[in-house]
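Enquirer: please find the sequence and the predicted model below.
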Amino acid sequence: MAEPSFGHITAHVEAGVTLLASAEAVTVDQLMEVRQLTEVPAAGAAAFRRTDEQLAELRATMYEPTTEVSEEMHLAHQEFHRIVLHAAGNPLLDLVTVPVFKVLSSRFSRDMAPRGVWPGVDADHIGIYDAIAARDSITAMNLMRRHLDQLGDIYKQMDLLRRPS
């Protein structure tokens, strides 16, 4: 029997979460709660554990705020969150959280986001980056919590728009 890998297990978790989400058995609030429970403490841990290389990777995901949304920009926003998880130094965070990212991405097209949302996302990422760079775990956690609260509100708006009246 082959030894299981994180990638293999993540694929199974993602399949399960996707099935639940597509059956509408999982709400946006529940998906975002998982992100709050994992990403907020991960931001704090990343402030202590991050390497200079991870900090450079985070910096590379930054974009100048623009009104034009591109696939590349959207992927960079997702990558920012993945790098924060990696910088926290616990591969189980990835195992639990990445499938939720993928479900949210497949359930909600970036094109459905309200106008003007992306400059705020960029500003949030810059603040979180600055706190992690300064090794300020409390600020990193507070900014990540606020960021995820705002994303949750955006996803709820998009969820209402995608439902038939």
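Expert: Good, I have the coordinates.

Enquirer: buried ones in whichever helix or strand H125 is part of?
Expert: Assigned by DSSP states H and E, H125 belongs to helix 117-133. Buried residues in helix 117-133, defined by neighbour count with 16 or more other C-beta atoms under 10 Å: 117-118, 121-122, 124-125, 127-129, 131-132. Glycine gets a C-beta too; all of them are placed from N, C-alpha and C.

Enquirer: low-confidence regions, the chain specifically.
Expert: Within the chain, the stretches falling below the threshold (pLDDT under 70) are 1-2, 5-25, 65-70, 109-111, 161-165.

Enquirer: can you point me to the longest helix in it?
Expert: Secondary structure of the chain per DSSP state H: the longest helix is helix 137-162.

Enquirer: which ones are touching T97?
Expert: 34-35, 38-39, 42, 81, 85 (C-beta atoms under 8 Å, 6 or more residues apart in numbering).

Enquirer: among the residues you listed, which are in helices?
Expert: Using DSSP H, the members of the contacts of T97 that fall within helices are 34-35, 38-39, 42, 81, 85.

Enquirer: for the residue nearest to A42 when sequence neighbours are not counted, give me phi and psi.
Expert: With C-beta to C-beta, 6 or more residues apart in numbering as the criterion, A42 has its nearest non-adjacent residue at 3.9 Å, and that residue is A88. In this entry, A88 is assigned phi and psi values of phi -70, psi -20 (degrees, to the nearest 10).

Enquirer: now for A88: which residues touch it?
Expert: Counting by C-beta under 8 Å, 6+ apart, the residues that A88 touches are 41-43, 45-46, 49.

Enquirer: out of those, who's the most crowded?
Expert: In terms of neighbours by other C-beta atoms under 10 Å, the contacts of A88 top out with A46 at 30 neighbours.
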